[in-house]
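> Here's my sequence, what's the structure:
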Amino acid sequence: MKQLLTFINRSSHPATTQRYSLAVSEAAEAHKVSRAGGFTLIELLIASALISIMAIGTVNLFIGIDTLQRRAQRIEIATRVAEAKIESLRNSHYNSLEPDTTVDFSAELPEELPPPRSGEVVITEPTPGLKQIEVSVTYAQLPRAKTVTLTGLIGSIGIAQ
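Numbering: from 1, shown residues only. All right, here's what the predicted structure looks like:
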């Protein structure tokens, strides 16, 4: 367009220059009016595709966060149950803890842990006067079962350090 205007300006006849100049400015104005009407179909399709991709990514992010939050909550519940079981055994009399025994406390597990769930206490005596308590809580978590295991020591005169 600049070349056309330069050519027209070099022309010697003023009426020709004015007529071509007017035609060029009308064409430029018509282009602006047609462009000001909105977006093209291609632009709308590209914008829709980008928004869709971002929406799918955001939804997947929230689903992943929700899944991780539920898993963390179940681990916390299982850990608290195991800690409570160790504390209840520490509060019992030392001589009532028979070495080399296994105690099933699956019936005491909360409903928040998905079935199948189980709880087990294994009592051993690694050295005389010291008993080891290993508490395991197992529950379903896809694709396989999740087990939380805590171990505590109880001495004949109290809690071992």
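> For the protein, just list every one of the helices.
Ranges of helices in the chain, per DSSP state H, are 2-10, 14-35, 41-91.
> which residues does Ile42 contact?
Ile42 makes contact with no residue, according to CB atoms under 8 Å, 6 or more residues apart in numbering. From N, CA and C alone the C-beta is placed, and that goes for glycine too.
> how much space is there between it and Ser48?
11 Å (CB to CB, to the nearest Å).
> Just want the most central residue of the protein.
The centroid of the chain falls nearest to Ile65 when counting by CA atoms, centre = their mean (2.6 Å).
> for stretch 142-150, which positions count as buried?
146, 148, 150 (16 or more other CB atoms under 10 Å).
> Can you read off the pLDDT for the residue nearest to the centre of the chain?
Per-residue pLDDT puts Ile65 at 97.
> Next, count neighbours for Val135.
Val135: 25 surrounding residues under other CB atoms under 10 Å.
> Contact partners for the nearest residue to it once chain neighbours are set aside?
Nearest residue to Val135 in three dimensions, chain neighbours excluded: Ala82, at 4.3 Å (CB to CB, 6 or more residues apart in numbering). Shown in contact with Ala82 (CB under 8 Å, 6+ apart): 119, 135-137, 148-150.
> What is the nearest of those to Ser52?
Val148 (40.6 Å; CB to CB).
> how much space between the closest one and Leu142?
On the measure of CB to CB, Val148 and Leu142 end up 16 Å apart.
> before we move on, what about Ile63?
14 Å.
> List the buried residues of stretch 121-141.
121, 123, 131-139, 141.
> Next: stretch 66-86.
Result for stretch 66-86 [16+ other CB under 10 Å]: buried residues 74, 77-78, 81-82, 85-86.
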